[in-house]
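predicted model follows, preceded by the sequence.
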Amino acid sequence: MVNTIFVAPYFMDATTRFVRAVAELPGVNFGLVSVDGVDKLPAELRSRVKHHAQIRDGLDSGQILGAIETLQQSMGPVERVVGTLEQLQVPLGQVRDHLNLPGLGEAASLNFRDKARMKTVLAEHGLPCAKHALAHDAAEARAFAARFGFPLVIKPPDGAGASSTFRVQNNDELEQCVQWMKPSPENPALLEEFVTGREHSLDSVCIDGSMVWSSISHYSPTPLEVLSEPWIQWCVLIPREVENPRYDAIRQAAAHALPILGLKTGLSHMEWFLREDGSVAISEVGARPPGAQFTTLISYAHDFDLNRAWAKLMVFDEFEIRHRPYAAGAAYLRGQGRGKVASIVGLERAKRELGHLVVDFKLPQVGQTPSGSYEGEGYVILRHPETAVVEEGLRRLVSMVRVELG
């Protein structure tokens, strides 16, 4: 039995699926560290949690370490410590270093978490990424703009999922962002050139420093464009033709980049651009499972459970390579207008035309408060053996279904 601790500050739906995957894995003696009490877990999962420690701050490495040391009194020496939350990766790295455990350590986790540090490491090794700089005050932000011009992107160096990320078109917008972010030596802002092209992501598995599996996703449009226009509903397409030569450049770049950043064994999520000239540019990488229903999409495309596959990878360093029999795609239903969700228009028509393609969905609820994110208030997932069918289905879906706020 492998003594394994899962650190999950709060039991969100996505997190709970990964908790269940590790807890149900044969050959695992399972322990859980959380802020939430186990009473917040589903009953069938709660019964599998034999070892639990509750802490006050789920991102405090000292509290996590103390909880693990307590659990070791009943479990025995801990052999693996895992977790999926982006903000948790550095504290987990610190804990692994202290306990001399396998997995991402603090230095490597900082390479993924600190986006400025990440791009510096990539650029030093000749890997394609956007020009960038940390601005520790307004003057440094203005200097970057003067050197590289507009448009540019400004965001926190430890941001995730386009959170607090802005496209800046001119000096006035730059000044507004600087006034809002107030960059300082303690809290710098990351400025980047604005990369034009088609945005994609690459989810991949590394074992012992070698990339053994990958999956490509297409974004339509980019998350930043979605956030700039409240009427846009985001779509993500996972084509069946993952081995298409058009993806060779990013697969080669990723296979080089991930071990350089420090990932030996694990699942990563890389966002990247395909420029108009055919070249690629790495945007950023997370050394953890993807969010925004990507795990579900990949599972449907490969007809397997990626949550369980991740659990087996993180505990036993094993991953089953699967053939991809389907294309899959998600349309994210985003409220239009102001206020709370008032109605969903066009749903019955969409059911008649596209119902045979739907494999999963979560509909917005009347009275629901908008999330304000590109993921919107719900989603619909489509699947079919032909990529073109899924692509057209997504286009039809977002043209028919509208979530009205009021």
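Done, it's in.

sheet partners, orientation included, of the one helix or strand residue 270 maps to?
Assigned by DSSP states H and E, residue 270 belongs to strand 266-274. The strands beside strand 266-274 in its sheet (DSSP bridges) come out as strand 198-207 (antiparallel), strand 280-286 (antiparallel).

tally of neighbours for residue 65?
18 (other Cβ atoms under 10 Å). Heads up, the C-betas are built off the backbone N, CA and C, glycines and all.

that one: what's it in contact with?
Taking Cβ atoms under 8 Å, 6 or more residues apart in numbering, we find residue 65 in contact with 94-95, 98-99.

out of these, which is most surrounded?
Of all those, the highest neighbour tally under other Cβ under 10 Å goes to residue 95, namely 26 neighbours.

what sits up against stretch 393-400?
Contacting residues not belonging to stretch 393-400 are listed as 220, 233, 235, 237, 329-331, 346, 349-350, 353-354, 357, 380, 382, 384 [Cβ under 8 Å, 6+ apart].

centre of the chain to that stretch, how far?
Remark: stretch 393-400 is offset 24 Å from the chain centroid, using Cα atoms, centre = their mean, to the nearest Å.

who does residue 273 form a beta bridge with?
Taking DSSP bridges as the rule, residue 273 bridges to residue 199, residue 281.

and it, how far from residue 282?
Residue 273 sits 8 Å away from residue 282, going by Cβ to Cβ, to the nearest Å.

returning to what we had before: could you give the mean pLDDT of the strand holding residue 270?
In this model, strand 266-274 has a mean pLDDT of 96.

picking that back up, ok, the contacts of stretch 393-400 vs residue 210, which is closest?
Nearest to residue 210 among the contacts of stretch 393-400 is residue 237, at 27.5 Å by Cβ to Cβ.

wait, residue 56 touches residue 33, no?
No: applying Cβ atoms under 8 Å, one finds residue 56 not in contact with residue 33, separated by 11.6 Å.

the two - which one has more neighbours?
Counted by other Cβ under 10 Å, residue 56 and residue 33 do not tie: residue 33 has more neighbours, with 26 against 7.

mind checking the SS state of the more buried one?
Following DSSP: H, G, I helix; E, B strand; the rest coil, the label given to residue 33 is strand.

residue 272 and residue 252 touch, don't they?
No: counting by Cβ under 8 Å, residue 272 stays clear of residue 252, with 11.9 Å between them.

which of these two has more neighbours?
Shown here are residue 272 and residue 252; by other Cβ under 10 Å, residue 272 has more neighbours (25 against 12).

what residues are up against the more buried one?
Applying Cβ under 8 Å, 6+ apart to residue 272 gives the contacts 199-202, 250, 253, 280-283.

can you list those residues in CSV and add neighbour count and pLDDT?
Formatted as CSV, the contacts of residue 272 follow (neighbours: other Cβ atoms under 10 Å; pLDDT from 0 to 100):
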residue, neighbour count, pLDDT
199, 21, 94
200, 21, 96
201, 23, 97
202, 24, 97
250, 24, 96
253, 21, 97
280, 23, 95
281, 21, 94
282, 23, 95
283, 20, 91
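
residue 156: which of the residues you listed is nearest?
The nearest member of the contacts of residue 272 to residue 156, counting by Cβ to Cβ, is residue 283 at 14.7 Å.

that's all I had, so thanks and see you.
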